[in-house]
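1. give me the fold of what follows.
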Amino acid sequence: MNGRLPLLAGPVFTVIFFVVTLLMSEEGPGQDASGKAVVDYVEGHEGQLFFTAFAAPALGALIVLFFSQLRTLARERSIAAGAGPSVMIAGAVLWAGGMLVSSMLELAVLGAADDNLEQAAQTLNVILEASWLPFIGGIAITLIGAGMTVLRTALLPRWLGWVALVCGIIALAGPGGFLGFFVGPLFMLIAGMMLLVRSDEPVGSVTEPV
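-> This next block holds a predicted model:
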């Protein structure tokens, strides 16, 4: 049971992540929005913004928990797991950190808007609009590491490893980050469900890379 709980973090993360994404489906003020426009938007969406901001720590914890368990299983499966597991964990930490940075900036914008500090709200909104970089970068690195891990250890089907690796590489490009935004959570869902189904099988056997 202890080994199953971290694996559940993947599907749980995906569900919460897409619920939060749907809540924020309405386009917010852009980078060139005035301070008044930012304040007006925040005042009309205060509840949603608070929810998404405070969901970030839990989501970050689920990311790190899931990929830490994936790394453990990969190293149990193969004595030659290579650099993939370490790359995957580094990406997961960056991904979670990117979410926390965005959450911090959202709370700062909320505070500025609540105090009617239009200039501060405008400045913070400009920074918030650029905070996607560590988030998308983290997803890309996580997918690359996960793809390397799967292909090296056969912990999951090879096709899933190739999907993760290719999408991770594409996500490193600017427009390609949009792909990683969806593929990262979907990888956690699919991999988590597959590993949960197979969790009754012995995972301590040592295999050579295929």
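
2. contacts only, for the residue nearest in space to the middle of the chain.
-> The C-alpha lying nearest the average C-alpha coordinate of the chain belongs to residue 95 (CA atoms, centre = their mean; 5.1 Å). Residue 95 sits next to 60, 63, 135, 138-139, 141-142, 184 when contact means CB atoms under 8 Å, 6 or more residues apart in numbering. C-beta coordinates here come from the backbone N, C-alpha and C atoms, glycine included.

3. the same query, at a cut-off of 6 Å, please.
-> Contact analysis of residue 95 by CB atoms under 6 Å, 6 or more residues apart in numbering lists 63, 138-139, 142.

4. so how far is residue 55 from it?
-> 15 Å (CB to CB, to the nearest Å).

5. can you check residue 5 too?
-> 20 Å.

6. if you count what's nearby, which of those two comes out ahead?
-> Counted by other CB atoms under 10 Å, residue 5 and residue 55 do not tie: residue 55 has more neighbours, with 17 against 10.

7. remind me which residues of this protein are low pLDDT?
-> Where the chain drops to pLDDT under 70, the residues are 1-3, 23-26, 174-175, 199-210.

8. can you map out the helices along it?
-> With helices called from DSSP state H, the chain shows them at 4-23, 35-44, 46-77, 84-114, 118-129, 132-153, 158-171, 177-197.

9. report the angle between the shortest one and helix 118-129.
-> Spelled out, it's helix 35-44. Between the axes of helix 35-44 and helix 118-129, defined by axes from the mean of the first three to the mean of the last three CA atoms, to 10 degrees, the angle is 80 degrees.

10. now the angle from helix 35-44 to helix 46-77?
-> 80 degrees.

11. show me which residues of helix 35-44 are buried.
-> Across helix 35-44, burial judged by 16 or more other CB atoms under 10 Å covers 35, 37-42.

12. can you check the longest one too?
-> Judged by neighbour count using 16+ other CB under 10 Å, the buried positions of helix 46-77 are 48-49, 52-53, 55-56, 59-60, 62-71, 73-74, 76-77.

13. residue 164 against residue 188, yeah?
-> No - counting by CB atoms under 6 Å, residue 188 is not a contact partner of residue 164; they are 10.4 Å apart.

14. between those two, who's got more neighbours?
-> Neighbour count, other CB under 10 Å: between residue 164 and residue 188, residue 164 has more, with 29 against 26.

15. how about that one, what does it touch?
-> Contacts for residue 164 (CB under 6 Å, 6+ apart) come out as 143, 146-147, 187.

16. repeat for residue 62
-> Residues 9, 13 are the ones in contact with residue 62 under the rule CB under 6 Å, 6+ apart.

17. do you know how far it is from residue 4?
-> Counting by CB to CB, the gap from residue 62 to residue 4 is 14 Å.

18. report how many residues lie close to the nearest residue to residue 126 once chain neighbours are set aside.
-> The spatially closest residue to residue 126, leaving aside those adjacent along the chain, is residue 31, at 5.5 Å (CB to CB, 6 or more residues apart in numbering). Neighbourhood size, residue 31 [other CB under 10 Å]: 11.
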